[in-house]
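1. Predicted model, plus sequence, below.
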Amino acid sequence: METSLFEKKVRWADGYILVYSICDRASFNSVSRLIQTIRSAKDYLNADKVPIVIVGNKKDLHHRRTVLSEEGRLLALNTDCHFYEVSAAENYHSVLMAFQGLVDRMKDGKLTAKRPLGLKGIVKSMSAVFARRRIDSI
Ligand SMILES: Nc1nc2c(ncn2[C@@H]2O[C@H](COP(=O)(O)OP(=O)(O)OP(=O)(O)O)[C@@H](O)[C@H]2O)c(=O)[nH]1
């Protein structure tokens, strides 16, 4: 069967941020479907579980909310994803946190994907983790 450009892109990526609007249930449903697409594309490649971050945007528009925070959180829990609610309009910090969360998980994934490690590999991975902790605490 012919692989679509979309599927090729899905297979290529090492991590995903899927954004919906908390005021738009259709966008939430699309995210839910996209997660299934990503998971099955990656299963096809026998790849390790790739990190997916679900982002509910437009948190500032609470009076127009149609998707509850709990629904986003539950979707993340059921699909082994990570969840953030943000307002891209109000501040960039929450958006930054979501991207940072994804990058951290991708790095963690790369460390565990290299298993099984020899003694040399274990020492290298431990050093990488502790070096990161040192940087984080600065
Ligand atoms: N109030 C509010 N508006 C936002 C937020 N993020 C984006 N918008 C607005 O939503 C509209 C669509 O934003 P786009 O960046 O074009 O995003 P899009 O993915 O094309 O979204 P849609 O057009 O809604 O499908 C623009 O008018 C943005 O200013 C947010 O966090 N809060």
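-> Right, received. Where do you want to start?

2. Enumerate every residue touching the closest residue to the ligand within the chain.
-> At 3.3 Å from the ligand, Ala89 is the closest residue in the chain, using C-beta to the nearest ligand atom. For glycine as for every other residue, the C-beta is placed from the backbone atoms N, C-alpha and C. Going by C-beta atoms under 8 Å, 6 or more residues apart in numbering, Ala89 touches 58, 60.

3. That one sits in which helix or strand?
-> Element membership of Ala89, judged by DSSP states H and E, is empty: it is in no helix or strand.

4. Show the backbone phi and psi for it.
-> phi -80, psi -30 (degrees, to the nearest 10).

5. measure it to Leu102 for me?
-> The spacing between Ala89 and Leu102, counted by C-beta to C-beta, to the nearest Å, is 21 Å.

6. Kindly report the residues of this structure close to the ligand.
-> 21, 57-58, 60-61, 87-89 (C-beta under 6 Å from any ligand atom).

7. Just those residues: which are in strands?
-> 21, 57 (DSSP state E).

8. ranges for the strands of this structure?
-> 16-21, 52-57, 82-85.

9. What is the shortest one packed up against?
-> Packing partners of strand 82-85 (3 or more C-beta pairs under 8 Å, 6 or more residues apart in numbering; DSSP states H and E): strand 52-57, helix 69-79, helix 93-113.

10. can you list contacts of stretch 60-80?
-> Contacts for stretch 60-80 (C-beta under 8 Å, 6+ apart): 20-25, 28, 31-32, 35, 39, 49, 52, 54, 56, 58, 81-83, 85, 87, 89-90.

11. Buried only: go through the residues you listed for me.
-> For those, a burial check counting by 16 or more other C-beta atoms under 10 Å picks out 20-23, 28, 31-32, 35, 39, 52, 54, 56, 58, 81-83, 85, 87.
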